[in-house]
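Asks: Just a sequence and a predicted model for now, questions to come.
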Amino acid sequence: MRGQSVSGQIRTVAEGVRAGISRMSGPNYRRVIPLLLAVTVAGLSASVAVPADAAGNGVLNIVQGLPGRTLDITVDGRTVGTGVQAAKIVEGVKVAAGQRRLTAKEGGKVVIDRQVSVGAGSNLDVVIHRPASPTAGPVITTYTNKLTAVAADKASVRVAHTAAVGPADIRVNGKVMFANVANGESLDVVVPAGTYSVDIVPTGASSPVVLGPLPLQVKAGLLYRVFAVGEPNSKTMTVAVATIKLPTTGTGKPDLVNTGTGGQAAGMMESRPSLLPLVAFLAVGALLLTVRKAARR
Amino acid sequence: MFCVTLEGCAAQVGTAASSSEAGGGAAGQAAPPSAGPTAPAGAVPPGRVGTPAASQRVRFIPTEVVLPGGAHAPVLPASTVNGQLVVPEKVERVGWWDGGAQAGDPFGAAVLAGHVDSAQEGIGFFVRLRRVKPGETVVLRGAGHTASYRVSSVESVPKDALATTSGAFDQTVDHRLVLITCTGAYDAAKGGYEQNLVVTAQPVGLAR
């Protein structure tokens, strides 16, 4: 795995800014190279999922995936974010389960207005994004965050294709990990913690690179939600990334595997092709002994 | 309250300021708003629901292993306790290390270990590992899925090298299946074998 130095930061938009996330700001910390974006989630403090209880509530995390837009976002008329820029995420919006109306406006004009179904106890990523077609208006796609436990030293990564581009291959460390992913689709995978080089290319091709390669630092015990957003033609391709802590399952590496406590197998040579001759030999021997015993009586 | 639109400022009892809702943290514990006004059914179109792409990988915890030749055994999760991997006592069953990869993962060893024999029960299922050869196929099954692996190596390693230098438990390598039992000389005084038999197999295609 390449350990490239990273710069830049994913910022979440929250009026009550969570400590540890938004110290950095401004263009100094984002080094933009044509077709190459270095993105880090190192500075991100993982959010603990705001408890969405079974008593009929859910949690929304709203991803602003429209390049060049600044949105004011409401849920059932309640403002949850103002001036939300592209690739920013409004996290931890607690709502009642059921049909919730999500409205995004820019300068007072409605950009998109949709109903989102929220199940009780669910944690959802709600993405405002472009469909594949360059001329179509924005859409909203919702992804459920599954907070299943992972083994120690592992993380869960879900990548969503929410960019204005056709079906793509998602490559990790140069190899296609997911092929032919269409706009709106997502994939999840469990990987060991580490830094992975991720890029996105048109499906079946290796160029032109749609996004990346960029280093994704993956820390253990987290669900990484990665959203490819933007549009290649306007050079606005980028990623939005956020994390949720996951419970841990399983146990650590053993020092010892002691799976032979009887010694009965010790007499069998590894090179013996079949146990059958041995079994036959023993059976014949047992038979002879029985016959001789009987004869003596 | 931040009710900047006129659409819905109905009683939002106990709601913290919107900023702390969005910011989460302690303020996130505030009671949720009562169900705000929603548009009449049909007036506001529904958003889309994201679906997995067709290339979504299958991953599963194995519950059955099939060795070359067709012999099969149940597989149960096995934990490391006090540094030792505790495999099923019944020697006809095999353990899957619960800290390793699942079948179908892109990285990491899925590790199965089982008795070659035991003091209580005699010869175990994994005595058959001694006859496995490179090129042969081992299959894992579980939760309605299947994953096939082709044996790439069969090695005998000293017991204390298993955890330290053999790489059998490594999770940062490309995905593989590792099958472990005991072999070599049996030391009755110690009640165990001197070596571990480590069979490594590479995935054939993806888990389905």
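Replies: Yep, it's here.
Asks: And the helices in the chain?
Replies: All of this refers to chain A. In chain A, the segments counted as helices under DSSP state H are A:276-296.
Asks: Correction: the question concerned chain B.
Replies: For chain B, the helices defined by DSSP H occupy B:18-23, B:159-162.
Asks: rank those by pLDDT, which is bottom?
Replies: Looking at these, the lowest mean pLDDT belongs to helix B:18-23 (a mean of 38).
Asks: what does the domain assignment say about chain A?
Replies: A:27-249, A:272-296 (automatic domain parsing).
Asks: Where does pLDDT dip in chain B?
Replies: Applying pLDDT under 70 to chain B flags residues B:1-42.
Asks: Let's see that with 50 instead.
Replies: For chain B, applying pLDDT under 50 flags the ranges B:1-36.
Asks: Do you have the strands of it handy? List them.
Replies: Taking DSSP state E to define them, one finds strands in chain B at B:48-49, B:51-52, B:64-66, B:72-81, B:84-86, B:94-97, B:109-114, B:117-118, B:122-123, B:137-142, B:145-158, B:176-187, B:192-204.
Asks: got JSON lines for the domains of chain A, with mean neighbour count and distance to chain B too?
Replies: Every residue, glycine included, has its C-beta placed from N, CA and C. Formatted as JSON lines, the domains of chain A follow (neighbours: other C-beta atoms under 10 Å in any protein chain shown; distance: least, C-beta to the nearest C-beta, whole Å):
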{"stretch": "domain A:27-249", "mean neighbour count": "19", "distance to chain B": "3"}
{"stretch": "domain A:272-296", "mean neighbour count": "10", "distance to chain B": "7"}
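Asks: among these, where is the model least confident on average?
Replies: The weakest mean pLDDT among these belongs to domain A:272-296, with a mean of 60.
Asks: I'd like the distance between A:M177 and B:T200.
Replies: 22 Å (C-beta to C-beta, to the nearest Å).
Asks: repeat for A:E185
Replies: 34 Å.
Asks: which residues sit against stretch A:167-175?
Replies: With C-beta atoms under 8 Å, 6 or more residues apart in numbering or on different chains as the test, stretch A:167-175 has contacts from A:1-2, A:132, A:159, A:161, A:176-183, A:187, A:196-205, A:210, A:213, A:228, B:106.
Asks: please redo it, this time with the cut-off set to 7 Å
Replies: The contact list for stretch A:167-175 (C-beta atoms under 7 Å, 6 or more residues apart in numbering or on different chains) reads A:1, A:159, A:161, A:176-182, A:187, A:196-204, A:210.
Asks: Contacts only, for A:A228.
Replies: Going by C-beta under 7 Å, 6+ apart, A:A228 touches A:161-163, A:200, A:211, A:239.
Asks: Show me these that map onto strands.
Replies: A:161-163, A:200, A:211, A:239.
Asks: before we move on, back to that, which among the domains of chain A is found nearest to B:G205?
Replies: Of all those, it is domain A:27-249 that lies closest to B:G205, at 13.6 Å by C-beta to C-beta.
Asks: And that closest one, how far out from the chain middle?
Replies: How far domain A:27-249 lies from its chain's middle: 9 Å, per C-alpha atoms, centre = their mean, to the nearest Å.
Asks: The residue nearest the centre of chain B - nearest residue in space that isn't next to it in sequence?
Replies: For chain B, the residue sitting closest to the mean C-alpha position, by C-alpha atoms, centre = their mean, is B:Q102 at 2.9 Å. Using C-beta to C-beta, 6 or more residues apart in numbering or on different chains and skipping the chain neighbours, the partner closest in space to B:Q102 is B:R59 (4.5 Å).
Asks: Ok, A:V210 next?
Replies: Once flanking residues are discounted, A:V210 sits nearest to A:I200: 4.5 Å by C-beta to C-beta, 6+ apart.
Asks: swap in A:S156?
Replies: A:L223 (4.6 Å).
Asks: what about that neighbour, distance to B:F60?
Replies: Going from A:L223 to B:F60 by C-beta to C-beta gives 19 Å.
Asks: now do A:R130
Replies: Distance, A:R130 to B:F60, using C-beta to C-beta: 35 Å.
Asks: So A:T203 sits against A:V176, correct?
Replies: No - the pair A:T203 / A:V176 is not scored as a contact, 9.0 Å apart, by C-beta atoms under 7 Å.
Asks: Which of the contacts of stretch A:167-175 fall within strands?
Replies: Under the assignment DSSP E, the contacts of stretch A:167-175 contribute A:159, A:161, A:176-181, A:187, A:196-202 to strands.
Asks: which one among those residues gets closest to B:L112?
Replies: Checking these against B:L112 by C-beta to C-beta gives A:M177 as the nearest, at 24.9 Å.
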